[in-house]
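# Could you look at this predicted model? Sequence included:
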Amino acid sequence: MEAGGAAGVAEPGDAGEEERERRFGCRSMTRTLRRVLVRPPLPGDAARWREHGWRAEPDHARAAAEHEAFAALLEEAGAEVIVSRHDPGNPDALYAYDPVLVGEEGAVLLRPGKELRRREPGAPAPELERAGVPVVCALGEPALAEGGDTVWLDERTLLVGYGYRTNGAGIDGLRAAFPGVEVIWFDLPHWNGAGEVMHLMSLLSPLDRDLALVYPRLAPTRLLELLAEREIQTVAVPDEEFESMGPNVLALGPSRALALAGNDRTRRRLERAGVDVVTYTGEEISRKGDGGPTCLTRPLLRV
């Protein structure tokens, strides 16, 4: 069904809630990551790198090795890693965060603003079902929404970026898909235009209930005001590490982060703020396609 139908959000105390939460439930960006879906690079993906706007052609063998090491870090952190090999021939499918958003009732299939990614949301659905994560609704035309524009600030607050990848109808669809959740949207900067991705998570990564990593020079004023109102401290990404995805880190748990290697000033700032940082090598899987550690994952369960 499309958003606006019966998709719901479980309330505390609902029958069967504990059983469901053992399999899925992710209205948080910072609780301990327990289950996560990833999609490794496939042999036919690299051929379409220009069409999909990658910076350079990825080397498949190196990309596969990087992704295997990345998944191993997730497992070492205590997460069950579920591997999906959906949508072969699409290099962007590597970035499993964007086509799906998981709540307390199950998975919501989004509708990417990047046209070449429109078939992605339905592609991992069979793997999600096998993993015990039901698909509860799907956004339909004219809605556009990508996961990279969505950030759970807390269980009842979903932040959404309005830009070239997520539109007003998409924001309305998210409100319908998550009743009882306050959806707060922010205008994203034009930056380099529609051809280059600018997600909300290009500017913001929560690290704990009261700590977030931010690139303040491009962050919406209303977003910075909201973080201050909620008493959320911020760590600022330096200018020289913005375009190398410094603001994009994955919280493995409260004040535990997985970050792309090479953004050393950002890493040191995080460590001074009390964050335990683990890094991974992502020359092929991250730098060439502009997708950081959050992009590479679709969290299914955080507890």
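Great, that's in hand.
# give the contact list for Val100.
Taking Cβ atoms under 8 Å, 6 or more residues apart in numbering, we find Val100 in contact with 107-110, 121, 124, 128, 147, 298. To be clear about C-beta, it is placed using only N, CA and C from the backbone, and glycine gets the same treatment.
# now swap in His67 and tell me
38, 40-41, 94, 285, 296.
# Same list, those, but as TSV with pLDDT and neighbour count please.
Shown next, in TSV, are the contacts of His67 (pLDDT from 0 to 100; neighbours: other Cβ atoms under 10 Å):
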residue	pLDDT	neighbour count
Val38	98	19
Pro40	98	20
Pro41	98	25
Leu94	98	23
Ile285	98	29
Leu296	98	29
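# In strands, which of the residues you listed fall?
Within the contacts of His67, residues falling in strands by DSSP state E are Val38.
# between the contacts of His67, which is nearest Pro206?
Leu296 (17.0 Å; Cβ to Cβ).
# sorry, back to before: which one of the contacts of Val100 has the most neighbours?
Leu110 (30 neighbours; other Cβ atoms under 10 Å).
# Return the residues in contact with it.
98-101, 121, 139, 145-147, 170.
# looking at these, which has the most residues close by?
Ranking these using other Cβ under 10 Å puts Ala145 first, with 31 neighbours.
# Not counting its neighbours along the chain, what's nearest Arg118?
Pro112 (5.9 Å; Cβ to Cβ, 6 or more residues apart in numbering).
# re earlier: nearest to Gly291 among the contacts of Leu110?
Of those, the one sitting nearest to Gly291 (Cβ to Cβ) turns out to be Asp98, at 8.7 Å.
# The closest one: what secondary structure?
Secondary structure, DSSP: H, G, I helix; E, B strand; the rest coil: Asp98 is coil.
# Leu300 too?
Reduced to three states by three-state DSSP, Leu300 is strand.
# any idea how far it lies from Pro142?
28 Å (Cβ to Cβ, to the nearest Å).
# Who has more neighbours out of the two?
Leu300 (25 against 11).
# Do I have it right that the more buried one meets Ile82?
Yes - under the criterion of Cβ atoms under 8 Å, Leu300 makes contact with Ile82 at 7.1 Å.
# Need the residues touching each of those two.
Taking Cβ under 8 Å, 6+ apart as the criterion, Leu300 and Ile82 both touch 35-37, 131.
# Please flag which of the residues you listed sit within strands.
35-37.
# what's the closest of the shared contacts of Leu300 and Ile82 to Glu225?
Val36 (31.8 Å).
# List the contacts of that closest one.
If you count contacts by Cβ under 8 Å, 6+ apart, then Val36 has 74, 79-82, 297-301 around it.
# Please save the CA atoms from stretch 150-170 in PDB.
Taking C-alpha atoms only, stretch 150-170 is exported to PDB below (Å, rounded to 0.1, in the frame of the first residue of the first chain):
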ATOM      1  CA  THR A 150      16.000  11.500   7.200                       C
ATOM      2  CA  VAL A 151      17.500  11.600  10.700                       C
ATOM      3  CA  TRP A 152      15.800  10.300  13.900                       C
ATOM      4  CA  LEU A 153      16.600  12.900  16.500                       C
ATOM      5  CA  ASP A 154      14.700  10.800  19.100                       C
ATOM      6  CA  GLU A 155      11.900   8.200  19.100                       C
ATOM      7  CA  ARG A 156       9.300  10.900  18.500                       C
ATOM      8  CA  THR A 157      11.200  13.300  16.200                       C
ATOM      9  CA  LEU A 158      12.100  12.700  12.600                       C
ATOM     10  CA  LEU A 159      14.200  15.400  10.900                       C
ATOM     11  CA  VAL A 160      13.900  15.600   7.100                       C
ATOM     12  CA  GLY A 161      15.800  17.600   4.500                       C
ATOM     13  CA  TYR A 162      13.900  19.300   1.700                       C
ATOM     14  CA  GLY A 163      16.100  19.400  -1.400                       C
ATOM     15  CA  TYR A 164      16.600  17.800  -4.800                       C
ATOM     16  CA  ARG A 165      16.200  14.300  -3.500                       C
ATOM     17  CA  THR A 166      13.300  14.800  -1.100                       C
ATOM     18  CA  ASN A 167      10.200  16.900  -1.900                       C
ATOM     19  CA  GLY A 168       7.200  18.200  -0.100                       C
ATOM     20  CA  ALA A 169       5.000  15.300  -1.100                       C
ATOM     21  CA  GLY A 170       7.700  13.000   0.200                       C
END
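# Now find how far off-centre that stretch is within its chain.
11 Å (Cα atoms, centre = their mean, to the nearest Å).
# Pull out the buried positions in that stretch.
150-155, 158-167, 169-170 (16 or more other Cβ atoms under 10 Å).
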